[in-house]
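Novice: compute the structure for the input listed below.
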Amino acid sequence: MYEDGICELGNGEYSVTFGFDDINYQTANKDDQLSIFQHYCELLEYYGPDTSIQVSIINRYVNADAFKRTMLLKPTSDGFDNLRKERNNIMMQASSNSNNNLISSKYLTVTQKADDYEKASANLSRVIADTIQNFKNMGCHAAELSGYERCRSIYEFFHPYESFDFKYSHLLNSNLTTKDYVIPNSLEFTKKSFVCGNSVGAVLYIKDFPNSITDKYVEDLSDINCQMAINLHLQSVDKAQALDIVDSQLSKMETRVLEIQRKAAKYNDVPLVPREVQYSIDEAEELREAINSAGMKMFVSTVIITVMADNEDALADNIERVKGVSRQHGCEVTEITYLQREGLNTSLPIGANELKPFVTRTLTSASAGMFIPFTTQELFQRGGIYYGINQVSGNIISFDRKTLKNPNGVVLGTPGSGKSFTSKREILDVFLSTNDSIIILDPEREYSPLVKMLNGQNVFLSLASNNYINPFDINENYADSENPVSLKSDFIISMVQLIAGGKQGLSNMTLSIIDRCVNLTYLPYFSDNSKKAKMPTFPDFWNILKQQPEIEAQQLAVALERYVTGNLNLFSHESNVNLNNRVICFDVRDLGKQMKTLGMLICTDFIWNKITENREKGIRTWLYFDEFYLFFKDDYSAEFFFELWKRARKWGAIPTGITQNVEDLLLSDTARRILSNTEFALLLNQSTSDREEIAHIFNLAPRQLQKITNSNEGEGIIVAGKSILAFKDKFPKDTSIYSVLTTKPDEVKIN
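Specialist: Model (predicted):
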C-alpha cells in the first residue's frame, strides 16, 4: 500500500479507494430517488471493461469504552462536573436504543492494470476526479483515501475494538510492510467459516437471484445489528461481448423451445412452451434491445456478504438473520464452501476479486444499480454537540459546527415548538465541552436561569437600571485591515437611522454629516497614542453635531436630544458593564418596544468589541440572538447585522439567530441572504405560510418538509452543511438541567 493511497495488488493490478457519505435515499421522494438512482447507474457505467470496481458497505462495532469517550464529557473539576455527570447520563439513556456503536463505512474501490506504479498513478488520476464529480452529481461527498486511511479501514475490519497505531515512518529500517500492520495475529479457515483472532466469521454469496430485486435489499441487510461487510464487485463487458452473451442465452432457450415443439409434433400434441421459458425469452430480447439501442451496459458481478461475531452461536444467529432478510427479497444466500480464504480477501476494500472464477453472475447496469449503497444519512462526529435522535435510524446526532466552512446558524420554530429549549441545550453543551465564550442577547428574559446556573453574568438593561453600555466604545481591533472609525461610522449611522430615520430614512446630506461628526468625535482618542484620552460617548458626538453649520445637523440634534439628555438617555453614559465572564447575557426585556430594537443593535456592536478582544486571546465566541427578526425592521440595522454575520467566522465567532417570527423575518431581503448562506439550521415546527419558503431556502424535499409540519415539540429538521436529517429530542424532565432549560410557565415556576 503506497502512502498516496494506491495499492499494488500483484499481476499488474493497482487500485484506489474512495470513502463516500450516505445520503437520504430511502426517505427521499420518488422523483429524487429516481434522480439518485440514475446518477448512480451513470457512475457504474462510467468505468470501461479495463476497469473493475468494488462497492463496499462495512458495518463494524467500536469498543464501548471508546464510544463513551467520543460521546461523554470528562470531568474538569471546574465546579460543573455535576452537570456533566447528569448530561452524560442523559446521553447514555439516549444511546441505549441506538446503533451508534455500530459504525457503517462505505467505499468504492477502482482497479486497473498498468505496467508499473508510475503509469498506474497517471491513469488513475484521471479516474479520481471524474469519480468524485459523479458522486457530487448525486449530492454525495466522496474523497480518495490515503494509504494510511486504507490501511486503517482494513485494520478496523479485522480488529473492530482496537485503535490503529501506524505511521509510514514505522516501515523505515525494517523488513515489515503495510500488510504486517493490518492483518490479524491468526487466521484459520474451515469448509464454511473462518477464525480471525478472537472473532469468527463466514463469507456468504447469493446463490440464486430473483427475476427482479428491489432497491431496499441492501438497506435491509445493513439494518442487521451485526459486524458485516457487503461487497459488490463489477466489471463491465463491451457491447459486442454483451450481445454475444445474450444471443447465446437466447439460442439455448430457442433450442429448448424447438425440442418442445418437436416432441409435441411427434405425438400430435399442442406445443406448450413453459411460462418461465417464454418469460426468459421475452426478458432476453428486451435486454438485447436495451444493450443494442438504449446503451445499457452489462457487468460480470460477484456479490458476497461477510458476517463476523464473537463466538459460534452469535455467528450462526447472524448468518440466519442475513438469510432471512435475503429470503424476504427472493434471494437464496448460503456460505461459500472451501473458498472462505478467497472470500475473505474479496471482502477487503482493496479491489481484489479472488472469487471471480467461481462466483459470478451477469447484471445490467439497472439491476446492478438495485444494490444501491445509500440508505439513511447519519450525523455523528466525535466530540460533537448532542442534537437529539435521528428519527429514521434511532441513532444519536452529534455534530461540531466548527467543522463547517460557515458555522453560522439559525433556530426557527413556531411558539411551543421547542425553539428556546433547543437553543439552550446547545448553549449548555458548548459551555460544558469547550472553553469558548458565550454571549446571549435575550429580549424576553428566557435565558437568565441558565446563565445563573452557569455562574454567568446577566446584564439587565432598562431605563431604570444602572447598567450602561456606551455605543461609542471602540478598540484598535474593531476592524481588521479597515479603518476602525470607518467601520464604526457605519454602526453609528445605523443607530441614528433607527432613532431618527422614520419611514423615509435620513437624507444623503444627513448621512454625510453623521459620518463627519463620527470622525471628529474620535479624533482626540486616536490622536493620543497612549490611549489615555477619554473614550467618546453619545453626548460628545451630540455636541459636535450641534456645532455643524447645516440646518440638517441642527434638526438631527433635536431629534436625538431625548436619547442624550432626555428620558431615553440610557446609552449616553460610559460603559460600566464587566464582561470578564465566559457567559454573558444581555437582557433587554424591560427596555420596552420603543427602545428594544435600538438596545439590541447597540448590544450587538458592544458584543463585537468583545469578539475582537477574544480573538486576540485565541478564544472562540458563540453568539445567540433571540428574536433576531427585530434587526431587519430597517435597512441600515439589517445591513449592519449582515456585515457582522459575514465577518463572524474570520473573527472566531459563531452566531446563531433564533426566532419564532419567521414570516416577519422573510419580509427582509437581507434576512433571506443570511438564511441562504447559512450552513447550519435547526428547523422545528413551521407555520403553513412559512413552510414552502423554508423548504426553498434550505432545499428540503417534500418528505423532509413533513417533519416540520404539525411536528411535536422538540422535533424537526437539522441542516448541517450537506446533511439534512429529521431529529427528535425527548429530554428527560426529572433532571435539574430540564428545570433550567424549560420555558413552559407551569414548569418555570418550579425553579
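Novice: run through the bridge partners of residue 109.
Specialist: residue 17, residue 54 (DSSP bridges).
Novice: and residue 234, by the same measure?
Specialist: According to DSSP bridges, beta-bridge pairing links residue 234 with residue 53, residue 301.
Novice: need the contact list for it.
Specialist: Each residue near residue 234 by Cβ atoms under 8 Å, 6 or more residues apart in numbering is listed here: 44, 47, 52, 53, 54, 55, 299, 300, 301, 363, 368. For glycine as for every other residue, the C-beta is placed from the backbone atoms N, C-alpha and C.
Novice: turn these into TSV, columns for pLDDT and distance to residue 566.
Specialist: As requested, those are exported to TSV (pLDDT from 0 to 100; distance: Cβ to Cβ, whole Å):
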residue	pLDDT	distance to residue 566
44	93	74
47	92	77
52	95	81
53	95	76
54	96	77
55	96	73
299	88	81
300	88	86
301	90	82
363	83	82
368	88	77
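Novice: tell me how far residue 681 lies from residue 647.
Specialist: Residue 681 sits 20 Å away from residue 647, taking Cβ to Cβ, to the nearest Å as the criterion.
Novice: so between these two, which is more surrounded?
Specialist: When residue 681 and residue 647 are compared for neighbours, residue 681 comes out ahead with 22 against 16, by other Cβ atoms under 10 Å.
Novice: how close does the more buried one get to residue 642?
Specialist: 17 Å.
Novice: ok, residue 585 next?
Specialist: 23 Å.
Novice: would you agree residue 653 is in contact with residue 625?
Specialist: No - the pair residue 653 / residue 625 is not scored as a contact, 11.5 Å apart, by Cβ atoms under 8 Å.
Novice: next, the distance between the ends of stretch 216-232.
Specialist: With Cα to Cα, to the nearest Å as the measure, stretch 216-232 spans 15 Å from end to end.
Novice: list the buried residues in stretch 13-25.
Specialist: 13-25 (16 or more other Cβ atoms under 10 Å).
Novice: do stretch 161-169 as well
Specialist: Neighbour-count burial for stretch 161-169 [16+ other Cβ under 10 Å]: residue 166.
Novice: list the contacts of it.
Specialist: Defining contact as Cβ under 8 Å, 6+ apart, one finds that stretch 161-169 is touched by 3, 61-63, 66, 147-148, 151-152, 155-156, 178, 181-182.
Novice: that stretch - what's its average pLDDT?
Specialist: Across stretch 161-169, pLDDT averages out at 85.
Novice: what distance separates that stretch from the centre of its chain?
Specialist: With Cα atoms, centre = their mean, to the nearest Å as the basis, stretch 161-169 stands 27 Å off its chain's centre.
Novice: same check, this time on stretch 487-501
Specialist: 38 Å.
Novice: what about that stretch, average pLDDT?
Specialist: 91.
Novice: stretch 176-185 too?
Specialist: Stretch 176-185 carries an average pLDDT of 89.
Novice: so for stretch 662-680, what gets flagged as buried?
Specialist: For stretch 662-680, the neighbour count (16+ other Cβ under 10 Å) marks 662, 665, 666, 668, 670, 671, 672, 674, 675, 678, 679, 680 as buried.
Novice: how much space between the nearest residue to residue 525 once chain neighbours are set aside and residue 523?
Specialist: Distances taken as Cβ to Cβ, 6 or more residues apart in numbering place residue 533 nearest to residue 525, at 4.8 Å, with adjacent residues excluded. According to Cβ to Cβ, residue 533 stands 10 Å off from residue 523.
Novice: before we move on, what about residue 326?
Specialist: Residue 326 sits 81 Å away from residue 523 when distances are taken as Cβ to Cβ.
Novice: what about the two, which has more around it?
Specialist: Per other Cβ under 10 Å, whichever of residue 326 and residue 523 has more neighbours is residue 326, with 21 against 14.
Novice: from memory that one sits against residue 320, does it?
Specialist: No - with contact defined as Cβ under 8 Å, residue 326 does not count as touching residue 320 (10.5 Å).
Novice: residue ranges of each domain in this structure, please.
Specialist: 7-62+101-369, 474-560 (automatic domain parsing).
Novice: what's the closest of the ones you listed to residue 686?
Specialist: The minimum distance between residue 686 and the domains of the chain falls on domain 7-62+101-369, with 18.4 Å, by Cβ to Cβ.
Novice: helix/strand/coil for residue 559?
Specialist: Assigned with DSSP: H, G, I helix; E, B strand; the rest coil, residue 559 falls in the helix class.
Novice: and it, what does it touch?
Specialist: 499, 500.
Novice: doesn't residue 202 fall inside a helix?
Specialist: No - counting by three-state DSSP, residue 202 falls outside a helix, being strand.
Novice: okay, it and residue 154: tell me how far apart.
Specialist: 19 Å.
Novice: helix, strand or coil for residue 478?
Specialist: coil.
Novice: just checking, it touches residue 484?
Specialist: Yes - Residue 478 is in contact with residue 484 according to Cβ under 8 Å; the separation is 3.9 Å.
Novice: more neighbours: those two, which one.
Specialist: The neighbour count for residue 478 versus residue 484, taken as other Cβ under 10 Å, is higher for residue 478 (20 against 17).
Novice: make JSON lines out of the buried residues of stretch 662-680 and add pLDDT.
Specialist: What follows is those, written out as JSON lines (pLDDT from 0 to 100):
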{"residue": "662", "pLDDT": "86"}
{"residue": "665", "pLDDT": "89"}
{"residue": "666", "pLDDT": "88"}
{"residue": "668", "pLDDT": "90"}
{"residue": "670", "pLDDT": "92"}
{"residue": "671", "pLDDT": "92"}
{"residue": "672", "pLDDT": "91"}
{"residue": "674", "pLDDT": "91"}
{"residue": "675", "pLDDT": "91"}
{"residue": "678", "pLDDT": "91"}
{"residue": "679", "pLDDT": "93"}
{"residue": "680", "pLDDT": "96"}
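Novice: among those residues, which one lies nearest to residue 568?
Specialist: Distance to residue 568 across the buried residues of stretch 662-680 (Cβ to Cβ) is lowest for residue 668, with 25.5 Å.
Novice: how close does the closest one get to residue 333?
Specialist: From residue 668 to residue 333 the distance is 58 Å (Cβ to Cβ).
Novice: just residue 435 next, same as before
Specialist: From residue 435 to residue 333 the distance is 52 Å (Cβ to Cβ).
Novice: more neighbours, residue 585 and residue 642?
Specialist: residue 585 (25 against 18).
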